[in-house]
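[1] Using only what follows, build the 3D model:
(chains A and B)
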Amino acid sequence: MTTSLIPAPTRPWVASPKDRLFDLGIFALALVVDFLLVVVTPMKGKLAYVLVFAIAYVTLSALRQFIVRGTASAKDAFVSSLVAFGAFVTLLPILSIFVTVIEKGSKGIHLGLFTHDMSMATPTDPLSNGGLLHAITGTLTLVALALIMSVPIGILTALYLTEIQGRFTKPIRFLVQAMSGVPSIVAGLFILSAVLYPIAKNYSGFMGSLALTILMIPTIARTSEEVLRLIPNDLREAGTALGGTQWRTVAMIVLPAARSGLVTAMILGVARIAGETAPILLLTGGGDKVNGNAFNGPIGSLPYYIWKSFNAGSPESITRAWAGLLVLLILVLVFFTIARFLGSRKVAK
Amino acid sequence: MSQTFVEPSAPAPGAVIPREITTEPRFSDRVFRGVVTAGGLSSLAILGLITIFLGYRGFEVLRQEGFNFITSSTWAITTDDAGNVVESHFGLAAMLVGTILCSITAVLIAVPISVFTALFLNFYAPLWLKRILVSVIDMMAAFPSILFGIWGFLVLMPSAEYWAKLLNHYLGFIPFFHVPAYYFTRSPFIAGIVLAIMIIPIITSVSREVFSQTPLDRIQAAYALGATRWGMIQAVVIPYGRGGVVGGAMLGLGRAMGETVAVYTVLNIVYQVNWHVLFGAGGNIASLIILKFGDASPYEIKALMAAGLILFLLTLMVNAGADLIVKRFSGNKR
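    Residues are numbered from 1 along each chain as shown, chains lettered A, B, ... in the order given. So this is what the prediction gives:
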């Protein structure tokens, strides 16, 4: 038996207790400096605290590294805290939006919201009058119609890009990318000029969903393309080797294998358009009554309702707008979460 | 085991003739390919139709105004009682300036924050934190724009106005931060902040993607040579990902240019050329369309269509450029 020296691996990069103590000390010191500066100088507000704290922490930690290890290390420490601060700044508006929407929106939430529409209520009525029913049904109608139209086109585009890979693959990928940048108002104007004025001559839900379709196609096409790309080529080859034509291979093997991913693509598309406002304002005509017929007459929707209530300006209607925003946000988040959940297992076993 | 192989002989009379082997696609396949190709070309068709229809509707105005449509900055129409157009001047310059001012402000604010966030996600954050943050930032991209607009107006505005006053107080000698009158509410600066918040997710995700493609061997080589983390990022990641970040920023610029509702809600839309970012007046093309649409005469609607066409072509160019840059820099280039 050798009891001799097996050198224990040293891990010089791991922070020693002393380092941790110093880090904590710097953190505390930065807090103190922060507090003093904000109290003494005329700077005010929560954001001033955050900003001054960030500056103090960045400077102090860089200073410490400079003393202990020199310039390179000081720069490293400086950037480390700067970068973390950047990520924090990104999160700040999200947190603020969440807190505000929940806080202000929950005041306007009551059960009648889901059973009444606004046809018998004016903007200045107390909150218990009227509700969101017309907006919710309207949004669901618009989204469903847009889904029916955009899913085939989106998935066909994705199939073209992955399965056929013909002459136009590159230009089409480019165009799909370009299409995803089409401003929503332009999609609205296009439907207005191409369909509503010459053909339909009337506001309706269908017009709105046509514009939403244009906005939805690129999202579905790009997500589906990514999913179809993940299907192993072996499956396609196996299909062909068994004597399947390309049509049978795609329809019976590739698409079923990509099923959950394709559903994700659809849901992401829905999340993208559910809150789209500009084309809705141009094309659907609003309306305060539940309208079950998407092809005739103005139809309400959540974004339109929020827009209208917000612009009405009375305190009650602004609370209504926040309540509408809360419902819309929850709707979008539910779609998004489902998409995430399904997307985490993109290819079915 | 032995097997006997029978030589194929000429088919006996009445036997089945072996099928012909061919690479010609079957009928079903030809239909399939046709349908899929047609679906694939739909994006081309839609983009083409948008150009054609907006151009067709706006043609009259574009012909009447000529180049003035872009360079002049009056938007006025007079009609007589019968609704006939007496006189009209449509020039988009003020709104073009506003569009550019707001979106550039947004990009200038958003790019540093996004790059920091992307670096943090890729090289600093522990895995669990990275997962959460990526989800949250992706989710932010799905927030409806009207939400940003109303939040920006009611929550952000008071703080942002205060920052604007600070900027003006200390940096007012720079012409850009100068204000012609002491009025800071609903300025392009505030609209720019809201737009920046809206485009941070897209710039972050493009930058993150590009940074994550940095070759691992180079990263390790930098560490092996004794680089600190920042040294490594400076020497390897940034030169590698620079182009991708520029592309992402342009993608964000395209989004910011076309944004309608958020800008309309936050900005004080005044039809004048205003280069002073802190002064509370401005607008962009998209918000002009929403503003004028409600009570526009048929002829003015044609002008709005033409404005839409200009906006469409502008964003298309910016997006196409962004796409090319991102593609060029995010390939497996060494």
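[2] show me the contacts for residue B:217.
    Residues near residue B:217 by C-beta atoms under 8 Å, 6 or more residues apart in numbering or on different chains: none. All C-beta atoms are positioned from the backbone trio N, CA, C, and that covers glycine.
[3] correct me, but residue A:85 touches residue A:54?
    Yes. In this structure, residue A:85 is within contact of residue A:54 by C-beta atoms under 8 Å, at 4.7 Å.
[4] neighbours of residue 183, just the number please.
    Since you didn't name a chain, this refers to chain A. Residues near residue A:183, counting by other C-beta atoms under 10 Å in any protein chain shown, number 27.
[5] The intended chain is chain B.
    Number of residues near residue B:183 (other C-beta under 10 Å) recorded here: 14.
[6] Could you check how far it is from chain A?
    21 Å (C-beta to the nearest C-beta, to the nearest Å).
[7] wait, that residue sits on residue B:279?
    Yes. With contact defined as C-beta under 8 Å, residue B:183 counts as touching residue B:279 (6.5 Å).
[8] who touches both of residue A:85 and residue A:54?
    Counting by C-beta under 8 Å, 6+ apart, residue A:85 and residue A:54 have no shared contacts at all.
[9] Could you measure from residue A:237 over to residue A:230?
    Residue A:237 is 16 Å from residue A:230, where distance means C-beta to C-beta, to the nearest Å.
[10] If you could redo that for residue A:93, that was the one I meant.
    Residue A:93 sits at a distance of 33 Å from residue A:230 (criterion: C-beta to C-beta).
[11] Compare those two and say which is more crowded by neighbours.
    When residue A:93 and residue A:230 are compared on other C-beta under 10 Å, the one with more neighbours turns out to be residue A:93, at 22 against 12.
[12] how far does the host helix or strand of the more buried one sit from the chain's center?
    Using DSSP states H and E, residue A:93 falls within helix A:71-105. Centroid displacement of helix A:71-105 relative to its chain, using C-alpha atoms, centre = their mean, to the nearest Å, is 19 Å.
[13] what's downstream of it, the next helix or strand?
    Using DSSP H and E, the helix or strand that follows helix A:71-105 in sequence is helix A:133-159.
[14] Following the chain past that next one, name the next helix or strand.
    helix A:169-180.
[15] elements contacting that following helix?
    Using 3 or more C-beta pairs under 8 Å, 6 or more residues apart in numbering or on different chains; DSSP states H and E, the elements in contact with helix A:169-180 are helix A:205-230, helix B:42-65, helix B:298-330.
[16] Any idea how far the first one is from the middle of the chain?
    Counting by C-alpha atoms, centre = their mean, helix A:205-230 is centred 15 Å from the centre of its parent chain.
[17] before we move on, what about the last one?
    For helix B:298-330, the separation from the chain centroid amounts to 9 Å (computed by C-alpha atoms, centre = their mean).
[18] now stretch B:193-201
    The answer for stretch B:193-201 is 11 Å, by C-alpha atoms, centre = their mean.
[19] again with stretch A:329-349
    12 Å.
[20] Show me where the stretch 51-200 of chain B has its helices.
    Along the stretch 51-200 of chain B, counting by DSSP state H, counting those that start in this stretch, helices occupy B:68-71, B:93-119, B:127-141, B:145-151, B:157-171, B:188-212.
[21] Make CSV out of those and add mean pLDDT and mean neighbour count.
    Formatted as CSV, the helices of the stretch 51-200 of chain B follow (pLDDT from 0 to 100; neighbours: other C-beta atoms under 10 Å in any protein chain shown):
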stretch, mean pLDDT, mean neighbour count
helix B:68-71, 82, 16
helix B:93-119, 92, 23
helix B:127-141, 90, 15
helix B:145-151, 92, 26
helix B:157-171, 85, 16
helix B:188-212, 92, 25
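[22] Tell me which of those helices sits nearest to chain A.
    Closest to chain A of these is helix B:93-119 (C-beta to the nearest C-beta; 2.4 Å).
[23] I'd like to know which residues of the stretch 201-349 of chain A are adjacent to chain B.
    When proximity is defined as C-beta under 8 Å from any C-beta of the partner chain, the stretch 201-349 of chain A approaches chain B at A:214, A:217-218, A:221, A:245-248, A:250, A:268, A:271-272, A:274-278, A:281-282, A:303, A:306-307, A:310, A:318, A:321-322, A:325, A:328-329, A:332-333, A:335-336, A:340.
[24] Where helices are concerned, which of those residues count?
    Counted as lying in helices by DSSP state H, out of these, are A:214, A:217-218, A:221, A:246-248, A:268, A:271-272, A:278, A:281-282, A:303, A:306-307, A:310, A:318, A:321-322, A:325, A:328-329, A:332-333, A:335-336, A:340.
[25] give me the residue from the stretch 1-150 of chain A nearest chain B.
    Here the stretch 1-150 of chain A gets closest to chain B at one residue, residue A:86, 2.4 Å apart by C-beta to the nearest C-beta.
[26] what about that residue, distance to residue B:173?
    Residue A:86 is 29 Å from residue B:173, where distance means C-beta to C-beta.
[27] between the two, who's got more neighbours?
    Comparing residue A:86 with residue B:173 by other C-beta under 10 Å, the one with more neighbours is residue A:86, at 21 against 8.
[28] unless I'm mixing things up, that one is touching residue B:125, no?
    No. The pair residue A:86 and residue B:125 fails to qualify as a contact (C-beta under 8 Å) at a distance of 11.5 Å.
[29] What residues sit buried inside the helix holding residue A:93?
    Within helix A:71-105, the residues that qualify as buried are A:73-90, A:93-94, A:97, A:100-101, A:104-105, counting by 16 or more other C-beta atoms under 10 Å in any protein chain shown.
[30] got the angle for that helix vs helix B:157-171?
    140 degrees (axes from the mean of the first three to the mean of the last three C-alpha atoms, to 10 degrees).
[31] what's helix A:71-105 packed up against?
    Secondary-structure packing of helix A:71-105 (3+ C-beta pairs under 8 Å, 6+ apart): helix A:46-69, helix A:315-343, helix B:93-119, helix B:127-141, helix B:145-151, helix B:188-212, helix B:229-232.
[32] If you average the pLDDT over that helix, what comes out?
    Per-residue pLDDT values across helix A:71-105 average out to 90.
[33] residues contacting residue B:150?
    By C-beta under 8 Å, 6+ apart, the residues touching residue B:150 are A:306, A:310, A:321-322, A:325, B:265.
[34] go with 10 Å
    Residue B:150 makes contacts with A:97, A:100-101, A:104, A:306-307, A:309-310, A:318, A:321-322, A:324-325, B:144, B:261-262, B:265-266, as judged by C-beta atoms under 10 Å, 6 or more residues apart in numbering or on different chains.
[35] thinking again about what came up before, going through the residues of the stretch 201-349 of chain A next to chain B, which ones are buried?
    Buried members of these, counted by 16+ other C-beta under 10 Å: A:214, A:217-218, A:221, A:245-248, A:250, A:268, A:271-272, A:274-278, A:281-282, A:303, A:306-307, A:310, A:318, A:321-322, A:325, A:328-329, A:332, A:335-336.
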